[in-house]
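Chemist: I'd like to go over a predicted model; first the sequence, then the structure.
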Amino acid sequence: MSKRDYYEILGVAKDASERDIKKAYKRLAMKYHPDRTAGDKELESKFKEVKEAYEILGDAQKRQTYDQYGHAAFEQGGGGGHGGFSGGDFGDIFGDVFGDIFGGGRRQSRQQRGADLRYNMELSLEEAVRGKEVEIKVPTWVACEPCDGSGAKAGSKPKTCGTCHGAGQVQMRQGFFAVQQTCPTCQGTGQVISDPCNSCHGQGRVEKTKTLSVKIPAGVDTGDRIRLAGEGEAGAHGAPAGDLYVQVSVRDHPIFVRDGNNLYCEVPIGFTTAALGGEIEVPTLDGRAKLKVPAESQTGKMFRMRGKGVKSVRSGAVGDLICKVVIETPVNLNSEQRELLEQLEKSMGKDSSKYRPKEKGFFDGVKKFFDDLTK
């Protein structure tokens, strides 16, 4: 039986925010948790399903993978399988709302990971196709060097919070429920700094503009992202840093239009070259190339130059260059040139349909159209 869509399981839209996804998960997990459903196997199965959906959609990277590839991306143990559950799972989920009456134990404080950052990078088509190394400047939070991110002055250490005893939370019992709240003394860290660092004032991080070198792989396209692990904001009080995502955007090119790994361009050719055939020069990203145009070519005819497109950043396959010829009518003719064209027209005689078959077909169609209207 095929799996249900994770968004459908949680009852949220595909563009739902992280907050909405977490909120929906809390509501459903509380509803179906085994500690509250008295061994009902069907509800227990629903809890597993909800838990699996949140494990994917609650993680930004896993969610992106799921949106692109669906369940197939996780079928080989990639992070979405049904796992076992315990009272501890419930305590982790609802630690900020319900106490150890469900969780079976005190919830320990966890360091808050630094925020992820996004950097928008605009590239020319040539840069995107060939790849390059770029230096970027990113204003962010970095770990404080004097205190090594701890927030405490050199020679001192953070102390266990006396209010929550290191748990990061305090409980208030209200009848059957034990409501847990963030400790007001340590703000959930479980530690207090009595002698803060003069540089970061106890935060463990300071604002700074970092200069990073980003290697852009050949073949990237608009919408591609490059992840720099650990280059996002540093977490407070020594917590791990987030990641930096470089979002690629490729500018429009004056000659080429890119579609996947293929490139397209329009090539104007002269009237006589189209009629008699010949060899023309066409542009490619590697320089000029020769293209043979057969006699009697018409506007819109496509010519494929294999291997002259873009090398895929994922598969390594190289696309093609598709050239569309556009016949250019002569302009600024002198009297002698006009006379030559008139002689050409006369030489074709009254019935010129064999020289211009498309023209005859068009007007035959027009005639039939009007004849049908008068019937």
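Modeler: Perfect, thanks for sending it. Worth saying up front: this structure is predicted, and the values here are computed from it rather than measured.
Chemist: Test of understanding: give the bridge partners of the closest residue to residue 228 other than its chain neighbours.
Modeler: In space, and not counting its chain neighbours, residue 228 is closest to residue 244: 4.3 Å by C-beta to C-beta, 6 or more residues apart in numbering. C-beta: built from backbone N, CA, C; applies to glycine. Residues in a beta bridge with residue 244, per DSSP bridges, are residue 117, residue 228.
Chemist: all helices of the stretch 51-200 of the chain, in order?
Modeler: Taking DSSP state H, counting those that start in this stretch, the helices of the stretch 51-200 of the chain run over residues 60-69, 87-93, 100-103, 125-130.
Chemist: Can you give me every residue that contacts the closest residue in space to residue 261 that isn't next to it in sequence?
Modeler: Leaving aside its sequence neighbours, residue 261 sits nearest to residue 319 (C-beta to C-beta, 6+ apart; 2.9 Å). Listed by C-beta atoms under 8 Å, 6 or more residues apart in numbering, the contact set of residue 319 reads 260, 261, 262, 263, 309, 310, 311, 312.
Chemist: repeat that for 7 Å
Modeler: 260, 261, 262, 263, 309, 310 (C-beta atoms under 7 Å, 6 or more residues apart in numbering).
Chemist: May I see these arranged in TSV, with secondary structure and neighbour count as well?
Modeler: Shown next, in TSV, are the contacts of residue 319 (DSSP: H, G, I helix; E, B strand; the rest coil; neighbours: other C-beta atoms under 10 Å):
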residue	secondary structure	neighbour count
260	coil	11
261	coil	19
262	strand	17
263	strand	25
309	coil	25
310	coil	26
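Chemist: Quick one: those residues as CSV, columns for distance to residue 366 and pLDDT too.
Modeler: What follows is the contacts of residue 319, written out as CSV (distance: C-beta to C-beta, whole Å; pLDDT from 0 to 100):
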residue, distance to residue 366, pLDDT
260, 39, 92
261, 41, 94
262, 36, 96
263, 37, 97
309, 40, 95
310, 43, 95
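Chemist: and of those residues, the nearest to residue 222?
Modeler: residue 260 (11.5 Å; C-beta to C-beta).
Chemist: Compute the distance between that closest one and residue 151, please.
Modeler: Residue 260 is 50 Å from residue 151, where distance means C-beta to C-beta, to the nearest Å.
Chemist: quick one, phi/psi of residue 206?
Modeler: phi -140, psi 160 (degrees, to the nearest 10).
Chemist: gap between it and residue 118?
Modeler: For residue 206 relative to residue 118 (C-beta to C-beta), the value is 21 Å.
Chemist: Looking at the two now, which is surrounded by more residues?
Modeler: Legend: neighbour count by other C-beta atoms under 10 Å for residue 206 and residue 118, higher for residue 206 (17 against 12).
Chemist: thinking that one is in contact with residue 197, fair?
Modeler: No: Residue 206 is not in contact with residue 197 according to C-beta atoms under 7 Å; the separation is 9.4 Å.
Chemist: Now the common contact residues for the two.
Modeler: By C-beta under 7 Å, 6+ apart, the residues touching both residue 206 and residue 197 are residue 144.
Chemist: on that earlier part again, count of residues packed around the residue nearest to residue 228?
Modeler: 23.
Chemist: show me the contacts for it.
Modeler: 117, 119, 138, 228, 231, 232.
Chemist: rerun that using 6 Å as the cut-off
Modeler: 117, 228, 231, 232 (C-beta atoms under 6 Å, 6 or more residues apart in numbering).
Chemist: Show the buried residues in those residues.
Modeler: Buried members of these, scored by 16 or more other C-beta atoms under 10 Å, are 117, 228, 231, 232.
Chemist: hmm, back to that, now, the most widely separated pair of the contacts of residue 319?
Modeler: 260 and 263 (9.7 Å).
Chemist: so how far is residue 33 from the closest residue to residue 172 other than its chain neighbours?
Modeler: Of all residues beyond its chain neighbours, the one nearest residue 172 is residue 179 (5.0 Å), with distances taken as C-beta to C-beta, 6+ apart. Separation of residue 179 from residue 33 (C-beta to C-beta) stands at 17 Å.
Chemist: When the two are compared, which one has more neighbours?
Modeler: residue 33 (21 against 14).
Chemist: Would you mind checking the average pLDDT for stretch 358-372?
Modeler: Average pLDDT, stretch 358-372: 71.
Chemist: What are the buried residues along that stretch?
Modeler: Quick answer for stretch 358-372: no buried residues (16+ other C-beta under 10 Å).
Chemist: Could you export it as PDB, keeping only the C-alpha atoms?
Modeler: Extracted in PDB, the C-alpha atoms of stretch 358-372 (Å, rounded to 0.1, in the frame of the first residue of the first chain):
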ATOM      1  CA  LYS A 358       3.900  27.300 -48.100                       C
ATOM      2  CA  GLU A 359       2.400  30.400 -49.600                       C
ATOM      3  CA  LYS A 360       0.100  28.400 -51.800                       C
ATOM      4  CA  GLY A 361      -0.900  26.200 -48.900                       C
ATOM      5  CA  PHE A 362      -1.800  29.200 -46.800                       C
ATOM      6  CA  PHE A 363      -3.900  30.900 -49.400                       C
ATOM      7  CA  ASP A 364      -5.700  27.700 -50.300                       C
ATOM      8  CA  GLY A 365      -6.600  27.400 -46.600                       C
ATOM      9  CA  VAL A 366      -7.800  31.000 -46.500                       C
ATOM     10  CA  LYS A 367     -10.000  30.400 -49.500                       C
ATOM     11  CA  LYS A 368     -11.600  27.300 -48.000                       C
ATOM     12  CA  PHE A 369     -12.200  29.200 -44.700                       C
ATOM     13  CA  PHE A 370     -14.200  31.900 -46.500                       C
ATOM     14  CA  ASP A 371     -16.000  29.400 -48.700                       C
ATOM     15  CA  ASP A 372     -17.100  27.500 -45.600                       C
END
